[in-house]
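>>> no sequence for this one, just the structure:
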């Protein structure tokens, strides 16, 4: 929902646009502008709505148009301008000649849909309203050098980055060059660390002592698979993954298409079953992340270089040796979820399409000294107080974040990054 426009009819919360979460969550613009000055914003986004990655027992998924509909064009004035601009853009050879926006008769597997592009356009507009219009991030002196954008090398993330940046920088006639990145956004240049980490293999399997899922939950999952199998004439052995099933079915919910039916048995998958599936997916994910300590260790090691990169960028601001003001990382759920785990604020729920994790750095002058503070916003909700290292503060002292960066591996009983990455 955005500007009183309903984008999806009664979807499970995982697929609701960031804007629904933002509007129903925190409405605060930021800390008192008379005391605090916004210095740097680092934002990680999940791509917008896409076509499925998986099928349900090898059954074909519905075809989704990759042309903007009249409904999508009428959602907001910026959509038409975005389409006109992107139609004149050349393909980027650095991104394997990918199209800059959805513009095909039908979307291929796991491609961004026009609906997903609209989500990111609106995300960009909201960021523009907060950071440029209200908090004056660029201090009336915009330059392309102040914006850094990175994306993994997939059409859904690259096109999401283009859409977000167009909305965010719509007041300026610019095209920011997007840098290609790994899925974990590890950069040896930016972090000073090697991205080659064979030592991660030590933690690839769950511990033998990992707590097993309780019997009643396993029975519920089994009965659910039997129910789906009876509706679709499937052997339950063919229904291997709840998340894959959910991924396949959600395209129908998000695009208001009929759910699968069995005419011979006069039975269909209905909204109630979708809601049950989503609940079971959440239970499955939460159990995996909550009780698999090796998985947590893996994420802390794997995303340490990205954490260091973000920290270095903030540290340079405190040293007044940085020109960067806004940094965008366009990634996936497998980027957001591990980083939320690393920070200690993952709630066990699959990040929605177009989810946004934001690290804001502020300065405050007190007499002759300048102090720095951090705020972390996830899908419009201020989570700063929930960060253990922030010690319950609304404005997290930068030195607390610095301590966390330097000790988070040690607090898990690990050595330094380089030592852990050795075989």
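It's in. Just so it is clear, the structure is predicted and the values come from calculations on it, not from any experiment.
>>> so which strand or helix has residue 404?
Using DSSP states H and E, residue 404 sits in helix 398-407.
>>> cool, residue 225 as well?
Going by DSSP H and E, residue 225 is in helix 215-232.
>>> C-terminal to that helix, which secondary structure element comes first?
Downstream of helix 215-232, the first helix or strand assigned by DSSP H and E is helix 242-254.
>>> may I see the buried residues of that following helix?
242-254 (16 or more other Cβ atoms under 10 Å). All C-beta spots, glycine's among them, are computed from the backbone N, C-alpha and C.
>>> can you check stretch 58-74 too?
61, 64-66, 68, 72.
>>> what does stretch 196-215 give?
197, 199, 203.
>>> the first one: what's it in contact with?
Contacts for residue 197 were tallied using Cβ atoms under 8 Å, 6 or more residues apart in numbering; they are 301-302, 420-421.
>>> assumed residue 185 was part of a strand.
No - applying DSSP: H, G, I helix; E, B strand; the rest coil, one finds residue 185 to be coil, outside a strand.
>>> and for it, the neighbour number?
23 (other Cβ atoms under 10 Å).
>>> can you check residue 339 too?
Counted with other Cβ under 10 Å, residue 339 comes out at 23.
>>> pretty sure it contacts residue 44?
Yes - the criterion here is Cβ atoms under 8 Å, and residue 339 meets it with residue 44 at 6.6 Å.
>>> between these two, which contacts overlap?
Contact criterion Cβ under 8 Å, 6+ apart; residues shared by residue 339 and residue 44: residue 357.
>>> what's near enough to touch residue 397?
Applying Cβ under 8 Å, 6+ apart, the residues near residue 397 are 371-374, 390.
>>> can you check residue 31 too?
Contacts of residue 31 (Cβ under 8 Å, 6+ apart): 362, 373, 375, 394-395.
>>> how about the helices in this protein?
18-24, 70-73, 77-87, 114-127, 155-168, 188-191, 215-232, 242-254, 271-291, 293-302, 304-318, 333-343, 398-407, 417-421 (DSSP state H).
>>> can I get the contacts of residue 197 in a markdown table including distance to residue 140?
Formatted as a markdown table, the contacts of residue 197 follow (distance: Cβ to Cβ, whole Å):
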| residue | distance to residue 140 |
| --- | --- |
| 301 | 42 |
| 302 | 40 |
| 420 | 45 |
| 421 | 44 |
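>>> of those, buried ones?
301-302, 420-421.
>>> and of these, the nearest to residue 227?
Among the buried ones among the contacts of residue 197, residue 302 lies closest to residue 227 (Cβ to Cβ), at 36.9 Å.
>>> surely that closest one touches residue 339?
No - if you go by Cβ under 8 Å, residue 302 and residue 339 don't touch, sitting 9.8 Å apart.
>>> in this protein, which ranges drop under the pLDDT threshold?
1-28, 207-210 (pLDDT under 70).
>>> what residue of it is the furthest out?
Here the chain reaches farthest from its C-alpha mean at residue 264, the gap being 40.9 Å by Cα atoms, centre = their mean.
>>> contacts only, for the spatially most central residue of the chain.
Nearest to the geometric centre of the chain sits residue 46, at 2.8 Å (Cα atoms, centre = their mean). The contact partners of residue 46, taken as Cβ under 8 Å, 6+ apart, are 331-333, 335-336, 351-356.
>>> ChimeraX command for the buried members of those?
Under the burial definition 16+ other Cβ under 10 Å, those of the contacts of residue 46 that qualify are selected in ChimeraX by:
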select :331,332,333,335,336,351,352,353,354,355,356
